[in-house]
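**Q** got a predicted structure here, sequence first:
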Amino acid sequence: MIRFEQVTKVYDRTSRAALDDVTVEFERGEFVFLVGASGSGKSTFIRLVLREERASHGAVYVTGRNVARLPSWRVPRLRRSIGVVFQDFRLLPNKTVFANVAFAMQVLGRRRALINQAVPDVLEMVGLAGKEKRMPHELSGGEQQRVAIARAVVNRPAILLADEPTGNLDPETSRGIMDVLDRINQNGTTVVMATHDDDIVNAMRRRVVELSDGVIVRDEAEGQYGPFIAPETDAVVLDAQSGVTLFETTPVVSALQGEPGAATLLTEQPQDQRPVSPPTGLLDLRRSGALGGRRTPAADTAPSTDHGATDHEGEATR
Ligand SMILES: Nc1ncnc2c1ncn2[C@@H]1O[C@H](COP(=O)(O)OP(=O)(O)OP(=O)(O)O)[C@@H](O)[C@H]1O
């Protein structure tokens, strides 16, 4: 649906590339979070999909077409296949809710009968039934964003691009917006959302693509916002049989004798090797003598870094 092949974008030859040799593909129907620090290239990615910018090198394909090769008269058709939502809503202030959404159909020359049918449907879908006659200033931020989403999807685009859509909203309102985006995605629309909202990314558990200085540094199927670091916790005790986390502890305790049937475990994770996401990222699992030296399943899938307990300062008595 969206494919970047070795895409580099340089705005200004004197500064570093905004995107640097990015290759990635988003399939039809996926929900993808684009995350990364400010300036990492998220908005540039979105602008390249829309052909608001052109790649300096490489190729961007949207629905199978190389967007750089589209003649300019075909660009509006490309953009019609893509709905866009921004952090700041961008509603027409002097038009009602209904008129804001209807406008997106009018500019495409849709018939009045179709508009009168489609707009109430989409407003109901985003949770705004009954608010058709309100003006934008009479709506809360969350409601204004729902109008913007309705406008973005009323023409049934194949792709919805959302650039920080919850950036101006409180956490509860943001969750409501995510429910709407989730519903749109369930209906088959590919959703790509650039965000800094870690709570939302962590709650949704969708694909996460992380950019850093224009480079993709992480691409996880059911990812979190950032590397997993349990607050105030440096150690994890696992059940020896199942690998399930029994409890978490602090570095003060770096190895524990388990109850019968429980693992001992290890702890003390070096700062630069903390788990990326549990449980497969758990490091330094060590077997308990009491358990006859069996490795936990999680230990078998842990990264191969082999920092034995005896290598660490703060090693506990075993
Ligand atoms: N029109 C432009 N002209 C020159 N440089 C630009 C332009 N747009 C973006 N940049 C630069 O490209 C880099 C990536 O910017 P981009 O806006 O894509 O990042 P971002 O991840 O979306 O940031 P934010 O989260 O703050 O929106 C930054 O260094 C930025 O200064």
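**A** Cool, got the structure.

**Q** Gly142 touches Leu169, doesn't it?
**A** Yes: if you go by C-beta atoms under 8 Å, Gly142 and Leu169 touch, sitting 5.6 Å apart. Using the backbone N, CA and C atoms, a C-beta is placed for each residue, glycine as well.

**Q** quick check: neighbours shared by the two?
**A** Taking C-beta atoms under 8 Å, 6 or more residues apart in numbering as the criterion, Gly142 and Leu169 both touch Ile177.

**Q** by mean pLDDT, point me to the weakest helix or strand of the chain.
**A** Least confident helix or strand, the chain: helix 297-301 with a mean of 38, by mean pLDDT, DSSP states H and E.

**Q** can you confirm Arg77 is in a strand?
**A** No: according to DSSP: H, G, I helix; E, B strand; the rest coil, Arg77 belongs to no strand; its state is helix.

**Q** do you know how far the closest residue to Arg51 other than its chain neighbours is from the ligand?
**A** Leaving aside its chain neighbours, Arg51 sits nearest to Val67 (4.6 Å; criterion: C-beta to C-beta, 6 or more residues apart in numbering). Distance of Val67 to the ligand, given as C-beta to the nearest ligand atom, to the nearest Å: 17 Å.

**Q** could you do Val75 as well?
**A** Val75 is 18 Å from the ligand, where distance means C-beta to the nearest ligand atom.

**Q** quick one: contacts for that residue?
**A** By C-beta under 8 Å, 6+ apart, Val75 lies in contact with Arg51.

**Q** equivalent analysis for the one 10 residues further on, please.
**A** By C-beta under 8 Å, 6+ apart, the contact list for Val85 reads Gln145, Ala148, Ile149, Ala152, Leu160, Leu161, Ala162, Asp163, Pro165.

**Q** pull the residues that contact the helix or strand Leu34 falls within.
**A** Assigned by DSSP states H and E, Leu34 belongs to strand 31-35. Contacts with strand 31-35, where a contact means C-beta under 8 Å, 6+ apart, come from 26, 42, 45-46, 181-182, 185, 190-196, 201, 204, 206-211, 223, 225-226.

**Q** report how many residues lie close to the residue nearest to Arg51.
**A** Residues within reach of Val67, counting by other C-beta atoms under 10 Å, total 20.

**Q** packing partners for the longest helix anywhere in the chain?
**A** In the chain, taking DSSP state H as the definition, the longest helix is helix 171-186. Secondary-structure packing of helix 171-186 (3 or more C-beta pairs under 8 Å, 6 or more residues apart in numbering; DSSP states H and E): strand 31-35, helix 112-125, helix 141-153, strand 159-163, strand 190-194, helix 198-204.

**Q** with mean neighbour count and distance to Arg13 added, can I get these in a markdown table?
**A** Converted to a markdown table, those look like this (neighbours: other C-beta atoms under 10 Å; distance: least, C-beta to C-beta, whole Å):
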| stretch | mean neighbour count | distance to Arg13 |
| --- | --- | --- |
| strand 31-35 | 23 | 25 |
| helix 112-125 | 15 | 44 |
| helix 141-153 | 24 | 34 |
| strand 159-163 | 23 | 26 |
| strand 190-194 | 24 | 25 |
| helix 198-204 | 17 | 34 |
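
**Q** so which of those is nearest the ligand?
**A** Smallest distance to the ligand across the helices and strands packed on helix 171-186 (C-beta to the nearest ligand atom): 6.2 Å, for strand 190-194.

**Q** could you restrict the contacts of strand 31-35 to the ones contacting the ligand?
**A** With C-beta under 6 Å from any ligand atom as the criterion, the subset of the contacts of strand 31-35 in contact with the ligand comprises Lys42.
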